[in-house]
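**Student:** predicted model follows, preceded by the sequence.
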Amino acid sequence: MLSTEKINIYKKHSGNIDSWARLYENKYERKAMNDDDWGVIDSFIQDIQLIEREMASKNYEEKVLNRIKKLCDSQETIDALYALAKPKPKKKWFTFWK
């Protein structure tokens, strides 16, 4: 079951499982979620992005949405998952004119 707490841990490590896996000083985070949770979040993010870009069939979309509802503990968790799946704006290194 995914929770907002697990989504926040995933977000804290920017989706980098190696960063989380090498976490020895904060055993609370290691106990709060496992590799399977991490994989489910990764998968949901990809699925949501496919759906948002209209690259998924309606059947696939329904399956994903049902799975998200089944595996998330609250609407707040679902909202956090969708927020995490939104594309990040690209940073501009410099501009020639304003």
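**Tutor:** Perfect, thanks for sending it.
**Student:** rounded mean pLDDT for the top helix by length along the chain, please.
**Tutor:** If you go by DSSP state H, the chain has its longest helix at helix 35-52. Per-residue pLDDT values over helix 35-52 give a mean of 95.
**Student:** list the buried residues for the helix or strand just after it?
**Tutor:** Using DSSP states H and E, the helix or strand that follows helix 35-52 in sequence is helix 58-71. Using 16 or more other CB atoms under 10 Å as the test for burial, helix 58-71 gives 64, 68, 71. Every C-beta, even on glycine, is put in place using the N, C-alpha and C of the backbone.
**Student:** from those, which single one is nearest Arg30?
**Tutor:** Relative to Arg30, the closest of the buried residues of helix 58-71 is Leu71; by CB to CB it sits at 20.5 Å.
**Student:** where does this structure have its least confident helix or strand?
**Tutor:** Within the chain, no helix or strand scores below helix 27-32, which has a mean of 81 by mean pLDDT, DSSP states H and E.
**Student:** show me how far that one is from its chain's centre.
**Tutor:** Counting by CA atoms, centre = their mean, to the nearest Å, helix 27-32 is centred 18 Å from the centre of its parent chain.
**Student:** can you list contacts of that helix?
**Tutor:** 5-6, 9, 20, 23 (CB atoms under 8 Å, 6 or more residues apart in numbering).
**Student:** again with stretch 54-64
**Tutor:** Identification of contacts with stretch 54-64 by CB under 8 Å, 6+ apart yields 44, 47-48, 50-51.
**Student:** now with 10 Å?
**Tutor:** 43-44, 46-51 (CB atoms under 10 Å, 6 or more residues apart in numbering).
**Student:** weed out the non-buried ones from these.
**Tutor:** Among the contacts of stretch 54-64, those buried by neighbour count (16+ other CB under 10 Å) are 44, 47-48, 50-51.
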